[in-house]
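Trainee: Take this sequence and fold it.
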Amino acid sequence: MKRIMLGATATGLVLTLFAAGCGDTDSDDAAGPSPAGPAGSASAARPTFAERLALLPQRLADDEIVLQMADLDRAAELAGLARPTDPADAEAVRGYLAALSTGASADGPAEVAALLPQQAVPAGNPDLAGFAAELGWSVLDVSWYVEHSNPPNVMSVLGGRFDSDRKTDAMGEPTDGGWQLGNADGSIDLAGRTVARPFGQPLHLRLADGRLTVAGNSETATALDNGAASFADTPAAVALAEAMDAEQAYSVLFRVGGDYGGGRAGQTLPAAFDGVAGGLAHDGAPVMVLAYAHADADSAKANAEALVTLLEQGSSSTGQPWSQRFTEPEVRQDGDTVVVRLRPADGTPASIVYQLLQRQESLITHK
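Mentor: Sure thing, here's the model as predicted:
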């Protein structure tokens with residue numbers, strides 16, 4: 001496969017904060033590889049990002065595919081964080097999740113910023129123990145996950161320390177292999193809002209092979225068992241996930257199949273691309289990684305060359321030069337995939353890489 005290396009000079013951006021919630025956990029281990037859980041619990045080996053694509057059905061995406069994945073145990077280990085053991089200690093749990101996910105600390109930007117699964121930390125949820133009391137698990141039990149995070153079809157598959165008995169105690173006996181909370185037809189029930197379902201949205205949970213599936217209904221949760229195609233059948237998603245695996249990322253945001261055209265004159269890429277991913281790795285210092293999937297190698301080559309120029313001479317939507325925000329840029333083409341490695345400049349949080357995709361900055365647009 002043809003590979004070209006292109007040099008550049010560039011530097012960071014704006015602080016991004018992610019909501020953090022918590023709940024009960026019966027695990028007393030610190031972050032890192034987890035020992036066997038209590039009786040009735042299950043754990044699952046950590047699959048690669050590319051392998052996780054096979055865990056979610058394509059039917060979730062009506063248009064653009066928005067996925068996020070992270071290895072939370074690995075991120076905690078990189079950050080030197082110990083998982084709290086007392087769910088009643090709200091201050092400790094909130095501090096842990098904030099340090100794990102926001103890319104900021106009292107001393108300035110932190111080196112680690114992992115995306116947290118939306119299904120485990122519902123927005124605006126202040127009840128840190130109530131979530132686990134309602135569902136029998138919490139984000140503190142999660143080691144790794146993959147999530148389709150584009151509403152309304154949010155679905156997660158999580159690996160970690162999950163105890164089926166705790167879930168049965170919290171939600172009752174499972175029916176047809178799963179637990180259903182809220183309306184089984186997928187409709188919203190505002191009068192039935194709870195800590196874990198703050199908008200009254202239904203949840204269907206299934207635990208098998210150490211993996212917890214959380215979806216809106218049983219049909220979606222069991223779609224793959226019934227022969228539905230998965231995101232592993234989406235070539236652009238596979239190319240991006242494989243690129244992130246090769247870069248040893250621990251947390252990634254993916255956008256595939258959306259509209260990336262437009263942007264400011266002279267501040268966009270020349271060729272169309274099918275999808276883009278932004279992730280974080282760590283090799284002793286934080287590394288921001290962007291990956292682009294194209295229909296052909298010629299388009300990838302054109303964009304690789306343009307990215308060098310954009311990083312040297314381009315700017316963010318607020319007019320701040322990329323050359324003042326990123327350091328040590330490296331642009332690499334592998335066939336129809338382009339990978340960019342960057343370091344955040346002093347004072348810049350590593351979590352900026354997610355914001356580039358969320359705001360669809362100039363580096364994420366084409367003509």
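Trainee: residue ranges with poor pLDDT in the stretch 201-350 of the chain?
Mentor: Across the stretch 201-350 of the chain, nothing is flagged by pLDDT under 70.
Trainee: Over to the stretch 1-150 of the chain?
Mentor: In the stretch 1-150 of the chain, residues with pLDDT under 70: 1-44, 87, 103-108, 123-126, 128.
Trainee: Show me the strands in it, by range?
Mentor: 3-7, 41-42, 65-71, 104-105, 108-109, 142-148 (DSSP state E, counting those that start in this stretch).
Trainee: Buried residues, stretch 317-336. List them.
Mentor: 322, 323, 325, 326, 327, 329, 330, 331, 332, 333, 334, 336 (16 or more other Cβ atoms under 10 Å). C-beta: built from backbone N, CA, C; applies to glycine.
Trainee: How many residues are close by residue 247?
Mentor: Per other Cβ atoms under 10 Å, the neighbour tally for residue 247 reads 22.
Trainee: Ignoring the adjacent residues along the chain, who's closest to it?
Mentor: Closest residue to residue 247 apart from its sequence neighbours, by Cβ to Cβ, 6 or more residues apart in numbering: residue 289 at 4.8 Å.
Trainee: wait, the one you found sits on residue 279?
Mentor: Yes: contact criterion Cβ atoms under 8 Å: residue 289 and residue 279 qualify, at 4.8 Å.
Trainee: mind checking the SS state of residue 204?
Mentor: strand (DSSP: H, G, I helix; E, B strand; the rest coil).
Trainee: Against residue 277, how distant is the residue nearest the centre of the chain?
Mentor: Closest residue to the average C-alpha location of the chain: residue 68 at 2.7 Å, with Cα atoms, centre = their mean. Taking Cβ to Cβ, to the nearest Å as the measure, residue 68 falls 10 Å from residue 277.
Trainee: likewise residue 263?
Mentor: For residue 263, the distance to residue 277 - Cβ to Cβ - is 19 Å.
Trainee: of the two, who's got more company?
Mentor: residue 277 (30 against 18).
Trainee: check contacts around the more buried one.
Mentor: Residue 277 is in contact with 240, 241, 243, 244, 252, 253, 254, 255, 289, 290, 291, 357, counting by Cβ atoms under 8 Å, 6 or more residues apart in numbering.
Trainee: Tabulate the residues you listed (TSV), appending neighbour count and secondary structure.
Mentor: TSV is the format used below for the contacts of residue 277 (neighbours: other Cβ atoms under 10 Å; DSSP: H, G, I helix; E, B strand; the rest coil):
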residue	neighbour count	secondary structure
240	31	helix
241	30	helix
243	25	helix
244	26	helix
252	31	strand
253	22	strand
254	29	strand
255	22	strand
289	22	strand
290	24	strand
291	28	strand
357	21	helix
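Trainee: Show me which helix runs longest in this structure.
Mentor: helix 297-313 (DSSP state H).
Trainee: Return it as PDB; C-alpha atoms alone will do.
Mentor: Taking C-alpha atoms only, helix 297-313 is exported to PDB below (Å, rounded to 0.1, in the frame of the first residue of the first chain):
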ATOM      1  CA  ALA A 297      -6.300   7.200  -3.000                       C
ATOM      2  CA  ASP A 298      -6.200  10.300  -5.300                       C
ATOM      3  CA  SER A 299      -8.700  12.100  -3.100                       C
ATOM      4  CA  ALA A 300      -6.700  11.100   0.000                       C
ATOM      5  CA  LYS A 301      -3.500  12.400  -1.500                       C
ATOM      6  CA  ALA A 302      -5.100  15.700  -2.400                       C
ATOM      7  CA  ASN A 303      -6.400  16.100   1.100                       C
ATOM      8  CA  ALA A 304      -3.200  15.000   2.800                       C
ATOM      9  CA  GLU A 305      -1.300  17.700   0.900                       C
ATOM     10  CA  ALA A 306      -4.000  20.300   1.700                       C
ATOM     11  CA  LEU A 307      -3.900  19.400   5.400                       C
ATOM     12  CA  VAL A 308      -0.200  20.400   5.600                       C
ATOM     13  CA  THR A 309      -1.100  23.800   4.300                       C
ATOM     14  CA  LEU A 310      -4.100  24.200   6.500                       C
ATOM     15  CA  LEU A 311      -2.200  23.400   9.600                       C
ATOM     16  CA  GLU A 312       0.500  25.900   8.600                       C
ATOM     17  CA  GLN A 313      -1.700  28.700   7.400                       C
END
